[in-house]
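K.L.:
What follows is a predicted protein model with its sequence.
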Amino acid sequence: MRIVRRILILALVATSLVGCFKDEKRGTLMRIALYSQNREGDPVVKTSGEVEAYAFWTKKGEEWEVTSWEDALAHRITNKQRPAETRNEADVIGSYDSEAEYQVSLELWGENAFLVLVDRTNKLYATRSYETPINLPEVLTHLHIYAHKKSASACGWAITNPFPDEIRESLSPDDEDDESGDDEGNESGEDEDNESGDENVVE
């Protein structure tokens, strides 16, 4: 009995040690479902057109920004604490598939990152700082961008409209449906940004 008891104790110790020394892997695939609303009252629709995304590895505590539309196109970011410091070579270039459910994909493995998403067609960009998770292979998130607003924030993203006075082309499939699309589009956008727009993780 003593021998059996010792074997059981050793087995329990070994199991606990395996749990303590389990390999930790930092990195995730961020997949973003992107939606647009160019004019107030239009329905919120799936984003199409020319979109790109990129990321820079950063140090913890640093604050970065994109200061202009030209910088967004040039992949240039500026250090908020030291404005003279800029970077223009992204560490990661994302992929974009307008037909996919989650059109934008970014492969992230740096501990801290600054993410930039650019909608070239509708002339908008979004940025955010991000701490890459450990042992989480995939993160799913939704982002709504509104061309009729000067700026907005949602799900950790800061969205900038560098041309707030420019009226974009309506994305409504049928102008006759504008009245019915008013409530549906606005309600959907608010819910997505403030409630269901939070990131979903897939282990």
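P.N.:
Alright, I've got the coordinates.

K.L.:
How many residues are close by the residue lying closest to Asp97 once chain neighbours are set aside?
P.N.:
Closest residue to Asp97 apart from its sequence neighbours, by C-beta to C-beta, 6 or more residues apart in numbering: Gln103 at 5.6 Å. Every C-beta, even on glycine, is put in place using the N, C-alpha and C of the backbone. Using other C-beta atoms under 10 Å, the number of residues around Gln103 comes to 21.

K.L.:
doesn't Leu117 make contact with Gln103?
P.N.:
No: if you go by C-beta atoms under 8 Å, Gln103 and Leu117 don't touch, sitting 10.3 Å apart.

K.L.:
show me what contacts the residue nearest to the spatial centre of the chain?
P.N.:
Centroid-nearest residue in the chain: Ile32, 5.8 Å away (criterion: C-alpha atoms, centre = their mean). Contacts for Ile32 (C-beta atoms under 8 Å, 6 or more residues apart in numbering) come out as Ala53, Tyr102, Gln103, Val104, Ser105, Leu106, Leu117, Thr141, His142, Leu143.

K.L.:
Among those, which one has the most neighbours?
P.N.:
For those, neighbours tallied by other C-beta under 10 Å; top is Leu117, 26 neighbours.

K.L.:
Which residue comes closest to Leu136 once chain neighbours are left out?
P.N.:
With sequence-adjacent residues excluded and distances taken as C-beta to C-beta, 6+ apart, Leu136 is closest to Thr28, at 5.1 Å.

K.L.:
which residues does that neighbour bridge with?
P.N.:
Leu108 (DSSP bridges).

K.L.:
Hmm, Asn135 and it touching each other?
P.N.:
No: counting by C-beta under 8 Å, Thr28 does not reach Asn135; the two are 9.2 Å apart.

K.L.:
follow-up on the earlier one: mind checking which of the contacts of Ile32 land in strands?
P.N.:
When these are checked against strands (DSSP state E), the matches are Ala53, Val104, Ser105, Leu106, Leu117, Thr141, His142, Leu143.

K.L.:
which residues touch the third one?
P.N.:
Read it as Ser105. Counted by C-beta under 8 Å, 6+ apart, Ser105 has contacts Leu29, Met30, Arg31, Ile32, Gly94, Ser95, Tyr96, Asp97.

K.L.:
buried subset of those?
P.N.:
Listed as buried from those are Leu29, Met30, Arg31, Ile32, Gly94, Tyr96; burial here means 16 or more other C-beta atoms under 10 Å.

K.L.:
Go through these and name the one nearest Glu40.
P.N.:
Glu40 lies nearest to Ile32 out of those, by C-beta to C-beta, at 23.2 Å.
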